[in-house]
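S.K.: sequence isn't available, so here's the structure alone:
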């Protein structure tokens, strides 16, 4: 059996970058929701923060669904 180390390294690199990107995107969503809570405590509107947070969570869900579809198909 021969291992293609270049391909294995490429898969590792791509998975590492995608994982860091998804964690960052999810973190942005959590930060948007926390800004909403802070704005509500001060009596302000935070519609943009909530919309951004939901967009981040939706992008995470799409990325996870795409990854699952790559595995299944």
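M.R.: Now that the structure is in, tell me what you want to look at. Quick caveat: nothing in here was measured; it's all calculated off a predicted structure. Numbering: from 1, shown residues only.

S.K.: ok, the most centrally placed residue in the chain - contacts?
M.R.: The centre of the chain sits closest to residue 22, judged by C-alpha atoms, centre = their mean, with a distance of 2.9 Å. Listed by C-beta atoms under 8 Å, 6 or more residues apart in numbering, the contact partners of residue 22 are 60, 63-64. Glycine gets a C-beta too; all of them are placed from N, C-alpha and C.

S.K.: what about it, which SS state?
M.R.: Three-state call for residue 22 (DSSP: H, G, I helix; E, B strand; the rest coil): helix.

S.K.: of the contacts of residue 22 - the most surrounded one?
M.R.: Most neighbours among the contacts of residue 22, by other C-beta atoms under 10 Å: residue 60, with 17 neighbours.

S.K.: from what I see, it and residue 23 are in contact.
M.R.: No: taking contacts as C-beta atoms under 8 Å, residue 60 lies outside contact range of residue 23: 9.3 Å.
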